[in-house]
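Asks: Predicted model, plus sequence, below.
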Amino acid sequence: MIQKVSFQGWDHCVEMVSGKFRIIITTDVGPRIIGGFLGDSPNIFNVDPKLAGKTGGDEWVNYGGHRLWHSPETRERTYMPDNTMIQAVELDDGGISFISNPEEKTGILKTLNIFPVGENSFRVEHYLRNVGVWPIELAAWGISVMAPGGIAAIPHNTEKEGLLPSKFIAVWPYTKMNDPRISWGEHLVMVRQDSSENATPMKIGLNCEEGWVTYINNGVAFIKQFDHYADESYPDNGCSVEVYTCKEMLEAETLSPLYTLDPGDEIVHIEEWTALDASGRTFKTEDDVIQFLDIDFDAESCSCRESKDKD
């Protein structure tokens, strides 16, 4: 089910529905997935109220929602403005392609292809195409800006034996290792969003070979699943999942491997999104998350794909 809607001051938006999960994509700026709802839930994404409905301008601003960037992060190329209207083109199989304008300084064209895939799930395909004149090394970077008040969980790698290290954690310069928002569990790393005035910015990243990250808030568990390629090189010392948080929101981020794109080449990074009803549940420990998602960490893979059957 697809329909045109207005949302928080943006008049040209598209609503897509999969079961009880619906998302809203604005074409006034972006591409940006700006709304996400499971039934009558609040928006799972954070939208900056000062920027809602705004367009135009020469500077990048964080409207909120879900966006596509390219990594590694640099001030010169990462913060390209996405403030103008984009195209929306219907695809086969009920999908829609949301196509940006090429970035003038980088020569990168961003596209999101989105498909409802049933069971309260969407497939979100992140494309980066080099329409410039020189090769560029980059990774696709899917960033979901989540509403405040929830908790993110990332699985550790599950290898039980080996002579070499298998778990790599990146810590950004402004992150304190004893930050009380971080819980270093046996199976999961959890990050709580804190909206208090003393909640300074913090960011961590992991080489998440299990290929998923979840954010649970306001009775909804939002799960992003992706393919991690263990033999490939990833940005930020090997990170395929990163979590950033400050007092306004939390970002749940996944990354593709690094690629060198010659002119005319493109890459795709695919996330599968699922929304689960977590109403009436509390999530204070990693066991609470593990039991809800019904994950067996002793199995060959601790994928949470089976949890899609919960409704």
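Replies: In hand now; what should we look at?

Asks: Distance-wise, check Ser195 relative to Ala147.
Replies: Noted for Ser195: a distance of 10 Å to Ala147, by Cβ to Cβ, to the nearest Å. No exception for glycine: its C-beta is placed from N, CA and C like everyone else's.

Asks: no no, Gly107
Replies: With distances taken as Cβ to Cβ, Gly107 is found 34 Å from Ala147.

Asks: between these two, who's got more neighbours?
Replies: Ala147 (23 against 16; other Cβ atoms under 10 Å).

Asks: And the residue lying closest to the more buried one once chain neighbours are set aside, what's its pLDDT?
Replies: Take Ala147 and drop its neighbours on the chain: the residue closest to it by Cβ to Cβ, 6 or more residues apart in numbering is Asn46, 4.7 Å away. For Asn46, the pLDDT comes out at 98.

Asks: Surely Asn46 and Ile143 touch.
Replies: No. The criterion here is Cβ atoms under 8 Å, and Asn46 misses it with Ile143 at 11.5 Å.

Asks: buried ones in the top helix by length along the chain?
Replies: Looking only at the chain and at elements set by DSSP state H, the helix with the highest residue count is helix 286-293. The neighbour-count check on helix 286-293 (16 or more other Cβ atoms under 10 Å) flags Glu286, Asp288, Val289, Ile290, Phe292, Leu293 as buried.

Asks: Make JSON lines out of those residues and add pLDDT and distance to Val133.
Replies: Formatted as JSON lines, the buried residues of helix 286-293 follow (pLDDT from 0 to 100; distance: Cβ to Cβ, whole Å):
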{"residue": "Glu286", "pLDDT": "96", "distance to Val133": "49"}
{"residue": "Asp288", "pLDDT": "97", "distance to Val133": "52"}
{"residue": "Val289", "pLDDT": "97", "distance to Val133": "47"}
{"residue": "Ile290", "pLDDT": "97", "distance to Val133": "50"}
{"residue": "Phe292", "pLDDT": "97", "distance to Val133": "50"}
{"residue": "Leu293", "pLDDT": "96", "distance to Val133": "46"}
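
Asks: Could you export those residues as a markdown table, including distance to Thr74?
Replies: A markdown table is the format used below for these (distance: Cβ to Cβ, whole Å):
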| residue | distance to Thr74 |
| --- | --- |
| Glu286 | 34 |
| Asp288 | 38 |
| Val289 | 34 |
| Ile290 | 37 |
| Phe292 | 38 |
| Leu293 | 35 |
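
Asks: now the helices: where do they sit in the stretch 151-300 of the chain?
Replies: Secondary structure of the stretch 151-300 of the chain, counting by DSSP state H, counting those that start in this stretch: helices at 235-238, 286-293.

Asks: where does the protein dip in pLDDT?
Replies: 1, 300-311 (pLDDT under 70).

Asks: What count of nearby residues applies to the closest residue in space to Met80 that isn't next to it in sequence?
Replies: Excluding the flanking residues, the one nearest Met80 by Cβ to Cβ, 6+ apart is Glu103, at 4.4 Å. Neighbours of Glu103 under the rule other Cβ under 10 Å: 17.

Asks: Can you tell me the SS state at Glu103?
Replies: Of the three states, Glu103 takes coil according to DSSP: H, G, I helix; E, B strand; the rest coil.

Asks: which residues touch it?
Replies: Shown in contact with Glu103 (Cβ atoms under 8 Å, 6 or more residues apart in numbering): Arg77, Met80, Leu109, Lys110.

Asks: picking that back up, contact partners of the longest helix of the chain?
Replies: Contacts of helix 286-293 (Cβ under 8 Å, 6+ apart): 151, 153, 183, 185-188, 190, 214, 216, 221, 223, 276, 278, 281-283, 297, 304, 307.

Asks: Please indicate which of those are buried?
Replies: By 16+ other Cβ under 10 Å, the contacts of helix 286-293 give 151, 153, 183, 185, 187-188, 190, 214, 216, 221, 223, 276, 278, 283, 304, 307 as buried.

Asks: Leaving out the residues flanking it, which one is nearest to Gly39?
Replies: In space, Gly39 is closest to Lys20, 4.8 Å off (Cβ to Cβ, 6+ apart).

Asks: Looking at strand pairing, list the partners for Ile204.
Replies: Under the criterion DSSP bridges, Ile204 forms beta bridges with Val171, Val243.
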